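Chemist: Coordinates only, no sequence provided:
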């Protein structure tokens with residue numbers, strides 16, 4: 001039996017590539033309306049690459065992100081579309097789990113813009129209730145502050161499934177959350193609020209080892225999935241920005257990324273995958289390397305061609 005759980009990789013940037021459309025701040029919503037088949041196909045490609053979990057395209061489905069857009073009255077419908085795409089992919093693959101992604105309120109990497117607990121908890125709970133009965137777990141993703149962690153965990157339990165907490169750390173210092181707070185301050189919150197696993201996501205891969213060391217005292221399953229951005233720019237942190245404000249690294253192809261993943265596993269990470277700017281080829285290479293190290297079963301082989 002595998003000792004490592006394999007997550008999928010990034011959705012947004014890969015869907016931009018596959019659609020040929022220009023990214024906008026409404027991208028996650030627009031892809032569900034205009035190209036739902038691409039989302040299903042990408043989930044299927046990740047399963048074929050060896051992922052055991054399909055993360056539904058719900059990260060940006062927050063009412064605050066829909067306000068003032070063409071999708072303002074489509075909150076429930078967009079959740080249904082996103083979950084249906086993951087369900088279709090799992091059905092075609094024949095096995096696997098579905099995770100609901102619970103992204104941050106008021107934008108990513110913006111702990112300064114996160115609402116207070118009394119405001120945030122019911123808003124996260126509303127999202128989690130849209131996933132109830134249709135996901136196997138919820139991942140609170142790109143959690144950038146202690147307050148964000150507390151609110152997201154409290155709200156996510158409305159889905160009535162296990163909740164994983166994934167924090168994002170400073171690219172230059174993995175011991176610090178994006179808020180500047182000590183990442184170790186997350187540990188008691190994860191315990192008190194009933195997190196089933198503790199992960200680091202959407203951070204530079206080089207920052208993750210320090211974060212994992214800091215989180216090791218939690219006595220919870222640990223995991224990591226990094227992004228392949230050159231850095232998070234100030235322009236991206238502005239309201240209604242899009243990934244056009246970011247650039248990808250040229251040195252994090254599947255082989256190099258898998259080197260990082262093996263390092264995290266050596267530190268005790270048991271849940272690994274990819275975040276923004278990683279692709280099915282990255283997941284296939286991770287699986288190949290883990291099998292070579294006898295950290296995973298070898299009874300099946302990913303069908304995705306690994307890119308150099």
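Modeler: Okay, I see it. Please read all numbers here as calculations on a predicted model, not as lab measurements.
Chemist: who does the top helix by length along the chain touch, helix- and strand-wise?
Modeler: Counting residues, the longest helix found in the chain (DSSP state H) is helix 75-93. Under the contact definition 3 or more CB pairs under 8 Å, 6 or more residues apart in numbering; DSSP states H and E, helix 75-93 sits against helix 27-34, helix 36-49, strand 53-55, helix 63-66, strand 97-102, helix 117-131. Glycine gets a C-beta too; all of them are placed from N, C-alpha and C.
Chemist: pLDDT weak spots in this structure?
Modeler: Under the criterion pLDDT under 70, the flagged ranges of the chain are 1-2, 24-25, 230-246, 298-308.
Chemist: Any chance of the helices and strands packed on helix 75-93 in JSON lines with distance to residue 151 and mean neighbour count as columns?
Modeler: Supplementary listing: the helices and strands packed on helix 75-93 in JSON lines, determined by distance: least, CB to CB, whole Å; neighbours: other CB atoms under 10 Å:
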{"stretch": "helix 27-34", "distance to residue 151": "21", "mean neighbour count": "20"}
{"stretch": "helix 36-49", "distance to residue 151": "28", "mean neighbour count": "22"}
{"stretch": "strand 53-55", "distance to residue 151": "20", "mean neighbour count": "26"}
{"stretch": "helix 63-66", "distance to residue 151": "14", "mean neighbour count": "16"}
{"stretch": "strand 97-102", "distance to residue 151": "10", "mean neighbour count": "24"}
{"stretch": "helix 117-131", "distance to residue 151": "4", "mean neighbour count": "18"}
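Chemist: among the ones you listed, which is nearest residue 208?
Modeler: Residue 208 lies closest to strand 53-55 among those, at 18.1 Å (CB to CB).
Chemist: Tabulate the helices and strands packed on helix 75-93 (CSV), appending distance to residue 261.
Modeler: Below are the helices and strands packed on helix 75-93 laid out as CSV (distance: least, CB to CB, whole Å):
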stretch, distance to residue 261
helix 27-34, 26
helix 36-49, 13
strand 53-55, 15
helix 63-66, 30
strand 97-102, 18
helix 117-131, 27
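Chemist: Compare those and give me the one nearest residue 282.
Modeler: helix 36-49 (8.2 Å).
Chemist: Contacts for the closest one, please.
Modeler: Here helix 36-49 makes contact (CB atoms under 8 Å, 6 or more residues apart in numbering) with 8-9, 11, 14-15, 18-19, 31-32, 54, 57, 81-82, 84-86, 88-90, 92-93, 96, 280-281, 283-284, 287, 302-304.
Chemist: Give the buried subset of the residues you listed as a ChimeraX selection command.
Modeler: Restricted to buried positions by 16 or more other CB atoms under 10 Å, the ChimeraX selection for those reads:
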select :8,9,11,14,15,19,31,32,54,57,81,82,84,85,86,88,89,90,96,280,281,283,284,287,302,304
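Chemist: which one of the helices and strands packed on helix 75-93 lies closest to residue 165?
Modeler: strand 97-102 (9.9 Å).
Chemist: so what does the closest one touch, helix or strand wise?
Modeler: Judged by 3+ CB pairs under 8 Å, 6+ apart, the packing partners of strand 97-102 are strand 53-55, helix 75-93, helix 117-131, strand 137-143, helix 146-156.
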